[in-house]
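# below are the sequence and a predicted model; questions follow.
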Amino acid sequence: MSRSKALQYYIIARLLLAPLMLWTITTVVFLLLRATPGDPADAILGNRATESAKEELRKQLGLDLPLWLQYFNYIGQLLRLDLGTSLTSRGQAVWDVIGQYFPATVELAVCAMAIALIVGIGIGVISASRPGTFLDAGGRLFGIVTYSLPMFWAGMVLQLIFSVQLGWFPTSNRFPPSLAAPPNITGLYTIDSLLSGNFAQFFAALHHLALPSITLGVLLSGIFERIVRVNLKQTLEADYVEAARARGIPERKILISHALKNALIPVITVLGLTFASLLGGAVLTEVTFSWPGLANRLFEAISLRDYPTVQGILVFFGAIVVFASILIDILNAYVDPRIRY
């Protein structure tokens, strides 16, 4: 089988699995929400509302129907790309909720991922290129500590030190209330402020973004550090690297041009898994730093038993993770021919 044919079959197989994965995610989300304690009618109307008023609201929301009928109605809505209407946002469509809050999450996630890649790969390369030294031991310790630290605890500690004690960064929010927000072009404050040419807004947005993204990025960087360190160390011991040394090629060129390129292939695979961790960590980070993103809105919806909003956001996140994983798999298969055979 030719390489192009093998790659085409691999891509088709991965794309055919996407609907199955999305269906599994939507079903699990639906069942878990119904299994958790709490009643949306109580959350919306309060404990003082009469039972008849609550029962009427349940009928309006379709919660009085049998579970199987609720499920099929829910799947039917999803097939029409209808995520429903929020129960706690004055009739706002869930798609509008996502459009309002998702740009803040994207901005935080992109900055955190960039920091995670730079820090993780950098420390991994330094650690693997100097085996047996204190730099190697320090890199291993960094990977273990950052991988094991709870996100919410690290966020609160850094917030206490750098925001409360030192006053270097703001404690919450995305933008200072004393300054007008950038025009809504992309929804990303740093990008929108640059597009409008307002550098005061750019630095203000960057100032608020710094601590949450550094917290999330550094804690995720331990994953990349461990992967790069292990694979680069194995690559530096490979026969073709020894042959390059025997030909008199400088060590720096061997590291960058020969070893590092092959050692970074597993990083592409880990990117997909880390992306899922990034969305999960964003929930804790946004809540800790009061970041007005979609993950923080999800936390509020869970607290208020807002079924449509919780379902819609989780399915939206799930779809992103599924398609990101497929894209990473395809990219990995293109880079490494062994995967598609």
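Thanks, I have the structure now. Residues are numbered from 1 along each chain as shown.
# switch to C-alpha atoms for all contacts and neighbour counts from now on
Fine.
# residue 11 reaches residue 327, doesn't it?
No: counting by Cα atoms under 8 Å, residue 11 stays clear of residue 327, with 9.2 Å between them.
# for the stretch 1-150 of the chain, what are the low-confidence residue spans?
1-4, 6-7, 37-47, 49, 60-61 (pLDDT under 70).
# switch to 80 and redo it
In the prediction, the stretch 1-150 of the chain carries residues with pLDDT under 80 at positions 1-17, 33-65, 67, 87-91, 129, 131-132.
# please enumerate the helices of it.
3-35, 40-45, 51-61, 67-79, 94-129, 134-148 (DSSP state H, counting those that start in this stretch).
# do you know which of these lies nearest residue 254?
helix 94-129 (10.8 Å; Cα to Cα).
# got the buried residues for the closest one?
Buried residues in helix 94-129, counting neighbours by 16 or more other Cα atoms under 10 Å, are found at 94-95, 97-98, 101-109, 111-129.
# now do that helix: distance to the chain's middle.
From the chain centre to the centre of helix 94-129 is a distance of 7 Å (Cα atoms, centre = their mean, to the nearest Å).
# any figure for the gap between residue 213 and residue 235?
Using Cα to Cα, to the nearest Å, residue 213 is found at 32 Å from residue 235.
# more neighbours, those two?
More neighbours surround residue 213 than the other of residue 213 and residue 235, with 25 against 21 (other Cα atoms under 10 Å).
# can you give me the mean pLDDT across the helix or strand where the more buried one lies?
Element membership of residue 213 [criterion: DSSP states H and E] is helix 199-236. For helix 199-236, the mean pLDDT works out to 85.
# packing partners of that helix?
Helix 199-236 sits against helix 94-129, helix 134-148, helix 151-158, helix 189-195, helix 260-263, helix 265-288, with contacts defined as 3 or more Cα pairs under 8 Å, 6 or more residues apart in numbering; DSSP states H and E.
# so which of the ones you listed gets nearest residue 204?
In terms of Cα to Cα, the element of the helices and strands packed on helix 199-236 nearest to residue 204 is helix 189-195, at 8.7 Å.
# can you dump the C-alpha coordinates of the closest one into PDB?
Output of helix 189-195 as PDB, limited to C-alpha atoms (Å, rounded to 0.1, in the frame of the first residue of the first chain):
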ATOM      1  CA  TYR A 189      -8.600  41.500  24.500                       C
ATOM      2  CA  THR A 190      -4.900  41.300  23.700                       C
ATOM      3  CA  ILE A 191      -5.600  40.900  20.000                       C
ATOM      4  CA  ASP A 192      -8.400  43.400  19.800                       C
ATOM      5  CA  SER A 193      -6.300  46.100  21.600                       C
ATOM      6  CA  LEU A 194      -3.500  45.600  19.100                       C
ATOM      7  CA  LEU A 195      -5.800  45.700  16.100                       C
END
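# now that helix: how far from the chain's centre is it?
How far helix 189-195 lies from its chain's middle: 22 Å, per Cα atoms, centre = their mean.
# apart from its neighbours in sequence, what residue is nearest residue 113?
Leaving out its chain neighbours, the residue that sits closest to residue 113 by Cα to Cα, 6 or more residues apart in numbering is residue 217, at 5.8 Å.
# is that neighbour in contact with residue 115, as I believe?
Yes: the pair residue 217 and residue 115 qualifies as a contact (Cα under 8 Å) at a distance of 5.0 Å.
# how many residues are close by the nearest residue to residue 152 once chain neighbours are set aside?
Closest residue in space to residue 152, ignoring its immediate chain neighbours: residue 284 at 5.6 Å, by Cα to Cα, 6+ apart. Neighbour count of residue 284, defined by other Cα under 10 Å: 21.
# what's the answer for residue 174, then?
With other Cα under 10 Å as criterion, residue 174 counts 23.
# who are the contact partners of the residue lying closest to residue 220 once chain neighbours are set aside?
Excluding the flanking residues, the one nearest residue 220 by Cα to Cα, 6+ apart is residue 116, at 5.7 Å. By Cα atoms under 8 Å, 6 or more residues apart in numbering, the residues touching residue 116 are 217, 218, 219, 220, 221, 222, 224.
# dump these into JSON lines; add distance to residue 16 and neighbour count as well.
As requested, those are exported to JSON lines (distance: Cα to Cα, whole Å; neighbours: other Cα atoms under 10 Å):
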{"residue": "217", "distance to residue 16": "33", "neighbour count": "27"}
{"residue": "218", "distance to residue 16": "35", "neighbour count": "23"}
{"residue": "219", "distance to residue 16": "34", "neighbour count": "29"}
{"residue": "220", "distance to residue 16": "30", "neighbour count": "29"}
{"residue": "221", "distance to residue 16": "32", "neighbour count": "28"}
{"residue": "222", "distance to residue 16": "33", "neighbour count": "28"}
{"residue": "224", "distance to residue 16": "29", "neighbour count": "26"}
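# residue 202 versus residue 209, what's the distance?
Noted for residue 209: a distance of 10 Å to residue 202, by Cα to Cα.
# higher neighbour count, these two?
Between residue 209 and residue 202, counting by other Cα under 10 Å, residue 209 is the more crowded of the two (26 against 21).
# distance of the more buried one from residue 330?
Going from residue 209 to residue 330 by Cα to Cα gives 32 Å.
# swap in residue 296?
31 Å.
# since that was my last question, I'll sign off now.
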